[in-house]
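S.K.: Here is the input, now give the coordinates:
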Amino acid sequence: MTEARTRPALPFVREIIYAEPFAMARRLKAGERPARALTLLESVQRHEHLGRYSFLACDPAQTLVVENGVGFLDGEPQSIAPFALLQRLVGERPRAHVAGLPPFQGGWAGYISYDYGRHLEPKARIPAFAPACPDMVFHRFDTVIATDHLQERAWIISATAAGADAIEARLKQKQGPLGPFAVPGLGPDITRDRHEDNVRRTVEYILAGDIFQANITQGFTAAEPAGFDPLALYGRLRDRNPATFAALLDYEGLKIISSSPERLVRFNGITAEARPIKGTSRRDADPMRDQGLMIELQASRKDRAENVMIVDLLRNDLSRVSKPGTVHVPVLCGLESYANVHHLVSVVQGDLRDDMTVADLLAAVFPGGSITGAPKIRSMEVIAELEERPRGVYCGSIGYIGFNGHCDFNIAIRTVQVSGGVVRVQGGGGITARSQAPAEYDESLTKIARLREAMAEAAP
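M.R.: Here you go, the predicted model:
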């Protein structure tokens, strides 16, 4: 007689008063014992489909840190490969999913650095730069505050009533004061001439038939100011540059402030979806000129060709883990507008094969094609050759894998990383055969203009 299978337990759910997730985060960081590993995944720019939900968690039950390709679970080294380990950890604590509530109801949340990509492509000739941060950090959160902005409702979702009580008590604290967030002295790591030369060298690789395109960036750094408050900078940035896939990770020794508009991949249990961005134009305060910039971007042969090229790459990536015949492109080169830029955005979807897991999906699509190039491996080699430094969290991914195996990850562009006493920002763009070096340099500045403006402002 076969043993009856035990059904996963339902989480404890308590509805609370709807509030801005950032205000709730400030309360969790207040008091004599501020929240540990504060993790805020927030849809600041609200949208019925893309910007509907936000999630907030702290004080994790377990922590996975990956360094130089080796995973450490609560400090203990693990022999299994990191993505497979993460998949195993997710499966160890299955929890029933409550229909009608936001999609993340507890699980593992954190980031994957761009530089971890070299471990997924062992044949790639990518040097092991001195790391700017760990390859990955993920925390297991048994309790999550989930917000539905469309309904203007919020819930505490927890493994136990006691867990919900503990987080609700913290939410009753007064918001703590915000500290300084200005970062004086933020300057480029390379000269304009050097960046433009990198663009021209990339074009030479393309004309030689070595690659079709590559995403080339430049970095800006400064010393971390005394008393720097990542929560304050995140608050200023969410006001100045609202984004659908924003995030704040306030970890010990590492702070990540992101206002990303781009999704790497989402998986809802059946379908995986990627939303690559390729093609960018600045915005203008004058509505007529702004409309003209939109029309110009939509008509740009260079930008549309760049977008279509990455769509083809992502169709190939998803095909590796999707059921035959299910990969399709419901949106090609759609226009999306944000605080200071317009973007061309496409949508690529595919139904995950029954023998594939979320770990397989992440391995197939990471790092995102829109911030590497095509073909992916060779483009990553060119990026490493020209940039000559690690990217860290920038161009990696921030997101979650729920206890139900669903996931949602952004691409960490428009992102500030603070670690080792250094504040880092990067910006760039996809280089094609039609790229002009001066224009690409200007675009790299446009991409991070709001971040630099936010950090240049006086502290509150």
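S.K.: now the strands: where do they sit in the stretch 1-150 of the chain?
M.R.: 12-16, 38-42, 53-57, 62-67, 70-73, 76-77, 107-112, 136-141, 143-148 (DSSP state E, counting those that start in this stretch).
S.K.: Turn those into JSON lines, including mean pLDDT and mean neighbour count.
M.R.: Quick note: C-beta positions are derived from backbone N, CA and C, even for glycine. Shown next, in JSON lines, are these (pLDDT from 0 to 100; neighbours: other CB atoms under 10 Å):
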{"stretch": "strand 12-16", "mean pLDDT": "97", "mean neighbour count": "14"}
{"stretch": "strand 38-42", "mean pLDDT": "98", "mean neighbour count": "25"}
{"stretch": "strand 53-57", "mean pLDDT": "98", "mean neighbour count": "25"}
{"stretch": "strand 62-67", "mean pLDDT": "98", "mean neighbour count": "19"}
{"stretch": "strand 70-73", "mean pLDDT": "97", "mean neighbour count": "17"}
{"stretch": "strand 76-77", "mean pLDDT": "97", "mean neighbour count": "8"}
{"stretch": "strand 107-112", "mean pLDDT": "98", "mean neighbour count": "27"}
{"stretch": "strand 136-141", "mean pLDDT": "98", "mean neighbour count": "25"}
{"stretch": "strand 143-148", "mean pLDDT": "98", "mean neighbour count": "24"}
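S.K.: Which of those strands sits closest to Lys376?
M.R.: Lys376 lies closest to strand 107-112 among the strands of the stretch 1-150 of the chain, at 15.5 Å (CB to CB).
S.K.: Determine the set of other helices and strands touching the closest one.
M.R.: strand 38-42, helix 82-92, strand 136-141, strand 397-402 (3 or more CB pairs under 8 Å, 6 or more residues apart in numbering; DSSP states H and E).
S.K.: and of the strands of the stretch 1-150 of the chain, who's closest to Val341?
M.R.: strand 38-42 (19.3 Å).
S.K.: where exactly do the helices run in the stretch 351-460 of the chain?
M.R.: For the stretch 351-460 of the chain, the helices defined by DSSP state H, counting those that start in this stretch occupy 358-365, 376-387, 437-447, 449-456.
S.K.: Between those helices, which one is closest to Gly235.
M.R.: helix 449-456 (9.4 Å).
S.K.: For stretch 97-109, measure first residue to last.
M.R.: 17 Å (CA to CA, to the nearest Å).
S.K.: actually stretch 265-282, sorry about that
M.R.: 26 Å.
S.K.: May I see the buried residues of it?
M.R.: 265-267, 272-282 (16 or more other CB atoms under 10 Å).
S.K.: ditto for stretch 220-228
M.R.: Here stretch 220-228 shows Phe220, Thr221, Ala222, Glu224, Pro225, Phe228 as buried, counting by 16+ other CB under 10 Å.
S.K.: what would the strands of the stretch 1-150 of the chain look like in a markdown table with distance to Val393?
M.R.: Formatted as a markdown table, the entries for these read as follows, by distance: least, CB to CB, whole Å:
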| stretch | distance to Val393 |
| --- | --- |
| strand 12-16 | 31 |
| strand 38-42 | 13 |
| strand 53-57 | 18 |
| strand 62-67 | 13 |
| strand 70-73 | 18 |
| strand 76-77 | 23 |
| strand 107-112 | 5 |
| strand 136-141 | 9 |
| strand 143-148 | 22 |
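S.K.: Just tell me which of those ends up closest to Ala182.
M.R.: Smallest distance to Ala182 across the strands of the stretch 1-150 of the chain (CB to CB): 21.2 Å, for strand 38-42.
S.K.: ok, residues contacting that closest one?
M.R.: Contact with strand 38-42 is made by 21-22, 25, 28-29, 54-58, 104, 109-110, 139, 141, 231, 234, 238, 245-250, 398-400, 408, as judged by CB atoms under 8 Å, 6 or more residues apart in numbering.
S.K.: Name every strand pairing with that strand and say which way it goes.
M.R.: strand 53-57 (antiparallel), strand 245-251 (antiparallel) (DSSP bridges).
S.K.: got JSON lines for the ones you listed, with distance to Leu41 too?
M.R.: Converted to JSON lines, the strands paired with strand 38-42 look like this (distance: least, CB to CB, whole Å):
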{"stretch": "strand 53-57", "distance to Leu41": "5"}
{"stretch": "strand 245-251", "distance to Leu41": "5"}
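S.K.: Quick one: closest of those strands to Pro180.
M.R.: Comparing the strands paired with strand 38-42 under CB to CB, the one sitting nearest is strand 245-251, at 15.6 Å.
S.K.: and the closest one, C-alpha only, in PDB?
M.R.: Coordinates of each C-alpha in strand 245-251 appear next as PDB, following Å, rounded to 0.1, in the frame of the first residue of the first chain:
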ATOM      1  CA  PHE A 245      11.000  46.500 -11.000                       C
ATOM      2  CA  ALA A 246      12.600  48.600  -8.300                       C
ATOM      3  CA  ALA A 247      14.400  47.000  -5.400                       C
ATOM      4  CA  LEU A 248      16.200  47.800  -2.200                       C
ATOM      5  CA  LEU A 249      18.500  45.200  -0.600                       C
ATOM      6  CA  ASP A 250      20.000  46.400   2.700                       C
ATOM      7  CA  TYR A 251      22.400  43.600   3.600                       C
END
